[in-house]
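*Asks:* Structure for the following, please:
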Amino acid sequence: MSQLPFCNAPVLWQLLSDRSTSSRLVIQSSATICHYTNISYPCDCYYCCQQGCSSDALAKTKTNYDNFLSDPANLKAVKEQLQRSDLSPDQHKVLGVLERTFKCYITEDPAASQLKESLNEQEAKLAAARNTMKLGYTDPETGSFTPASSVQLRNLMRVADNEAVRKSAYEGLRSVGPFVCEAFLKIVKDRNKLARLLGYQDFYDMKVTAAEGFGKARLFEMLDDLEVKTRSIMETARERLATEKGPAALEPHNQSHALAGDTTKATDPYFPFENAVDVWGRTFAALGIQYDGSVMTLDLCDRQGKYSNGFCHWPQPAWRHADGRWVPAHANFTSLATPDQLGSGKTALETLLHEGGHAAHFANVDQYSPFFSQERAPTSVAYAENQSMFLDSLAGDAAWLSRYAVSREGQVMPWQVVEQLVRNTHPYSVFMVRAMLVVPYFEKALYELPEDQLTPQALQTLADQAEERIQGGLSPRPLLSVPHILADESSCYYHGYVLAEMSVHQTRDHFLGKYRAIVDNPQVGADLTSCYWRPGNGSLFLDLVRQLTGKPLAADAWVARLQLPTEGLLDKEKQEYEAAVKAGPKFKPGQEVDLGMRVRLVHGDELISDSETDGGFQGACAKFKAWVRQQYFSGN
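*Replies:* Modelled structure (predicted):
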């Protein structure tokens, strides 16, 4: 976009975001500022609230942000400027994304605006209550209660050898439903009222239409296809698990342990938690991924009151001024690791690859407005999740494990452990598919339920029925403990993970066909950046997938992977393992890498390390490693 002088600019839209997260919408037309609105951007408040701080601040800033997005004057001004005949292609593109964005939020009905404000307050209060609820498990031997987050409870179900402990952890997760149900049901009713005031079938239809550009009916055509194609695979896998481990393995509190208990113990030494940040940085650097000057704040360890899911948010979106000046992203992301707990290192690393993938994506959106790089609608959920899920999929590849899964003593994960991992997980990988599918099917049924049937008992029954129908039995992760369903920005969102995983397998097939390798291949990072990341939400997700892979999005590659015989997969993985061991990682452990970013590692308000002041990325990693050893392993 060419630089436009202030006095005679035909139209110049800018959203100017500074470090205090106060933003201004400036519309300059001819020599006149037509509109000037101060708004308070909610991402830092969201981050603070989910870390256990004030919910009032989040509700207030979110309401201000919603009011800004839903102001009819903004849409009116955009439409007027779009009528001009002298717009450049870049100006027309920017105005087009502004129009799409404002249309997602305009509520001309005053009742709808009031309902939105009420929902913001209700959701913030529920989030604060959920984050501070008494959650944990009761020791079956002593009867004492041990506080634990939902992440810790799920991990305990994977690794605890005592079935009674696993059952107590599952009951702890089940306790979330009764705790949230009254407030949540009121929110569900109000969400549906809002959606119908705006002309949608229900809240789910409104959310998917705004984010994906197509309605609920089209979405579930795609999900139904995957559900049908994987149902028999799931039934076979459940029969196999019962035969191999006994019928009790199908119980919700036993299933995770039956699938991962032995595997987790075998792989845990090769995922030391304190090395996770270094491994993430070297993995991305070897892929040629850059963060274009971003500032990233990472809060990785669990603590009381912290939001019960990893996430990434952007107080400052990346964008480019009309004169070419670049505004780099500021990203906050968090996980819930307990470094001294079995399996925490692998979980933390997968979270870093996932959330770091989100951060890489949004850091590289290069357009002439931050509207292209903000995370809410019309940014497609599937588009956003495709990037992160593609990158966290690397942690399951033998070609990656043989380079980056290394013990504290410097030993690479042996082939025998990789083989055990494949044998123990591949025949049951369909369980992940069904666990992803169950959330959108549950939410669809929930928002279609008549209002007079929305009772606490009906809510729990609906959740249990969805688990039994889609997963074949009650789920190790009870639906009402899934945090996504509670918050506005993540409710009716989970279908995005399903569509994204379809795209992940299709994208992987494309790269393996084109380059024969993904891990440590900088061509992969270059293609992701140019095709998937640079356009932002200016291009539709389905169009981007077709553009990169040459095919429309389909479940075929995913289903083919699920159907692949274990022995055939092992033959392929062993070849890749041996070649990767011989080659080694592109960047050795502790070797400095340049990701084009400043990284800050924190624990709540405590600053642990900062690459800007601690000698670069590896300097920050070294201080973080020492902090972890001191905090969690000083007694060893």
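*Asks:* Spell out the secondary structure type for R598.
*Replies:* With DSSP: H, G, I helix; E, B strand; the rest coil as the basis, R598 sits in strand.
*Asks:* Kindly report the same for S609.
*Replies:* Secondary structure state of S609, per three-state DSSP, is strand.
*Asks:* Nearest residue to it in space, ignoring adjacent ones along the chain?
*Replies:* K623 (3.6 Å; C-beta to C-beta, 6 or more residues apart in numbering). The way it works is simple: take the backbone N, C-alpha and C, and place the C-beta from them, glycine included.
*Asks:* What is the subsequent helix or strand relative to the helix or strand where G345 lies?
*Replies:* For G345, the enclosing helix or strand under DSSP states H and E is helix 344-363. For helix 344-363, the following helix or strand on the C-terminal side (DSSP H and E) is helix 381-392.
*Asks:* Give me the distance from the very next helix or strand once past that next one to the chain's centre.
*Replies:* Next in sequence after helix 381-392, counting helices and strands by DSSP H and E, comes helix 398-404. Centre-to-centre, helix 398-404 and its host chain are 23 Å apart (C-alpha atoms, centre = their mean, to the nearest Å).
*Asks:* and helix 398-404, what's its mean pLDDT?
*Replies:* Averaging pLDDT along helix 398-404 yields 98.
*Asks:* what's in contact with it?
*Replies:* 270, 279, 282-283, 394-395, 412-413, 418, 421-422, 517-520, 573-574, 576-581, 583-585 (C-beta atoms under 8 Å, 6 or more residues apart in numbering).
*Asks:* Count the neighbours of E409 for me.
*Replies:* 7 (other C-beta atoms under 10 Å).
*Asks:* ugh, typo on my part, it should be K76
*Replies:* 13.
*Asks:* ok now do D205, which residues does it touch?
*Replies:* 195, 215-216.
*Asks:* roughly how far out does the helix or strand where it lies sit from the chain middle?
*Replies:* D205 belongs to helix 203-212 when assigned by DSSP H and E. Distance, stretch centre to chain centre, for helix 203-212: 18 Å (C-alpha atoms, centre = their mean).
*Asks:* buried sites along the helix or strand just after it?
*Replies:* Counting by DSSP H and E, the next helix or strand C-terminal to helix 203-212 is helix 216-245. Within helix 216-245, the residues scored as buried using 16 or more other C-beta atoms under 10 Å are 216, 219-220, 222-223, 226-227, 229-231, 233-234, 237-238, 241, 245.
*Asks:* now swap in stretch 136-156 and tell me
*Replies:* 136-138, 146, 148-156.
*Asks:* Also stretch 422-432?
*Replies:* 422, 424-431.
*Asks:* quick one: terminal-to-terminal distance for it?
*Replies:* One end of stretch 422-432 sits 15 Å from the other (C-alpha to C-alpha, to the nearest Å).
*Asks:* For it, which outside residues touch it?
*Replies:* Contacts for stretch 422-432 (C-beta under 8 Å, 6+ apart): 230, 233-234, 237, 240-241, 255, 259-260, 262-263, 396, 398, 471, 561-562, 564, 566, 569-570, 573.
*Asks:* let's see it at 6 Å
*Replies:* 230, 233-234, 237, 259, 263, 562, 566, 569-570 (C-beta atoms under 6 Å, 6 or more residues apart in numbering).
*Asks:* try stretch 244-258
*Replies:* Against stretch 244-258 from outside (C-beta under 6 Å, 6+ apart): 157-158, 166-167, 170, 241-242, 473-476.
*Asks:* Lowest average confidence across helices and strands of the chain, where is it?
*Replies:* Taking mean pLDDT, DSSP states H and E as the measure, the helix or strand of the chain with the lowest value is strand 32-40, at a mean of 27.
*Asks:* what about T297, helix or strand, and which?
*Replies:* Per DSSP H and E: strand 294-301 holds T297.
*Asks:* Tell me the gap between that strand and the middle of its chain.
*Replies:* 15 Å.
*Asks:* Mind giving me the packing neighbours of that strand?
*Replies:* strand 330-337, strand 597-603 (3 or more C-beta pairs under 6 Å, 6 or more residues apart in numbering; DSSP states H and E).
*Asks:* give me that answer again for 7 Å
*Replies:* For strand 294-301, the packing partners by 3 or more C-beta pairs under 7 Å, 6 or more residues apart in numbering; DSSP states H and E come out as strand 330-337, helix 344-363, strand 597-603.
*Asks:* Which members of the contacts of helix 398-404 are positioned in strands?
*Replies:* If you go by DSSP state E, the contacts of helix 398-404 have nothing in strands.
*Asks:* Please pick the buried ones from the residues you listed.
*Replies:* 270, 279, 282-283, 394-395, 412-413, 418, 421-422, 517-520, 573, 576-577, 580-581, 585.
*Asks:* F541 versus A487, what's the distance?
*Replies:* 22 Å (C-beta to C-beta, to the nearest Å).
*Asks:* and E501, how many neighbours?
*Replies:* 22.
*Asks:* got the contact list for it?
*Replies:* Residues in contact with E501 (C-beta atoms under 7 Å, 6 or more residues apart in numbering) are 389, 436, 558.
*Asks:* Mind doing that once more with 6 Å?
*Replies:* Residues near E501 by C-beta under 6 Å, 6+ apart: M389.
*Asks:* Please identify which helix or strand holds it.
*Replies:* helix 495-515.
*Asks:* Report the angle between that helix and helix 216-245.
*Replies:* 80 degrees (axes from the mean of the first three to the mean of the last three C-alpha atoms, to 10 degrees).
*Asks:* ok, and the closest non-adjacent residue to L353?
*Replies:* D392 (4.1 Å).
*Asks:* Under the pLDDT cut-off, which ranges of the stretch 151-300 of the chain? List them.
*Replies:* Applying pLDDT under 70 to the stretch 151-300 of the chain flags the ranges 261.
*Asks:* same thing but 50
*Replies:* Counting by pLDDT under 50, the stretch 151-300 of the chain contains no low-confidence range.
*Asks:* Then the stretch 1-150 of the chain?
*Replies:* Checking the stretch 1-150 of the chain against pLDDT under 50 turns up 1-53.
*Asks:* Any chance of the buried residues of stretch 136-156 in a markdown table with distance to K79 and secondary structure as columns?
*Replies:* Output for those, formatted as a markdown table (distance: C-beta to C-beta, whole Å; DSSP: H, G, I helix; E, B strand; the rest coil):
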| residue | distance to K79 | secondary structure |
| --- | --- | --- |
| G136 | 54 | strand |
| Y137 | 56 | strand |
| T138 | 60 | strand |
| T146 | 58 | strand |
| A148 | 52 | coil |
| S149 | 47 | coil |
| S150 | 45 | helix |
| V151 | 46 | helix |
| Q152 | 51 | helix |
| L153 | 51 | helix |
| R154 | 48 | helix |
| N155 | 51 | helix |
| L156 | 55 | helix |
